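Undergrad: here is my input, please return the structure:
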Amino acid sequence: MDIEDKLQFMETRLEQVVGREVQSNIERVEQDMRLVEERLEQLCFKEIIRLRETLLEDGGSAASKPGYSSSSAAGAVAAAANSNQLNSKQQEVVAWLEEFGLQSHAPKLFAQGYESMFVMQHIIPEDLDALGVTLPGHRKALLLAVELLRQPGLYFILFFIVP
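TA: Just a heads-up that it's a prediction; the model follows:
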């Protein structure tokens, strides 16, 4: 074997060793990511259950909380929904918000273009600032409701399996 053959052999061997090490590291990172995702789902699920229990204790509606007053805009949305002035996507958003006692925010959401469930699933905390959703409980409930939209399995478990 001459020197070039030895160098070629060493290069091939090095590529094999490095390739196996890289693959091993990729597999470890993927496993760690799966564990982190599972833990986040568990924490999210626990928080959703806690929020649901809180809402049920409060009568299932933000309207039962002390200091809550229904805005005339929310009443206008309800009236519009009853008289079919809202399109089907808006009616779906209103019904979804009602499940969490957050229907009073529908006018603000519609005014800013949040008029479908597809758009609703992309809300982030900064959007709530822009919308003027300032009550911490409403912010948390809306963000958790959005998370449920992103993970339909959790929504099913929360409302149909968990009593």
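Undergrad: mean confidence score for stretch 20-38?
TA: Stretch 20-38 comes out with an average pLDDT of 86.
Undergrad: quick thing: my sequence starts at 48, can you match it?
TA: Got it, first residue is 48 now, which makes that one stretch 67-85.
Undergrad: C-terminal to the helix-or-strand element of the chain with minimal mean pLDDT, what's the next element?
TA: Of all regular secondary-structure elements in the chain, judged by mean pLDDT, DSSP states H and E, the least confident is helix 119-129 with a mean of 51. Toward the C-terminus, helix 119-129 is succeeded by helix 135-146 as the next helix or strand (DSSP states H and E).
Undergrad: return the alpha-carbon coordinates of that following helix using PDB.
TA: This file holds the C-alpha atoms of helix 135-146, laid out as PDB (Å, rounded to 0.1, in the frame of the first residue of the first chain):
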ATOM      1  CA  SER A 135     -70.700  30.900   9.200                       C
ATOM      2  CA  LYS A 136     -67.000  31.200  10.000                       C
ATOM      3  CA  GLN A 137     -67.700  34.100  12.400                       C
ATOM      4  CA  GLN A 138     -70.500  32.100  14.000                       C
ATOM      5  CA  GLU A 139     -68.100  29.200  14.500                       C
ATOM      6  CA  VAL A 140     -65.600  31.600  16.300                       C
ATOM      7  CA  VAL A 141     -68.400  33.000  18.500                       C
ATOM      8  CA  ALA A 142     -69.500  29.400  19.500                       C
ATOM      9  CA  TRP A 143     -65.900  28.500  20.200                       C
ATOM     10  CA  LEU A 144     -65.400  31.600  22.400                       C
ATOM     11  CA  GLU A 145     -68.600  30.900  24.200                       C
ATOM     12  CA  GLU A 146     -67.300  27.400  25.200                       C
END
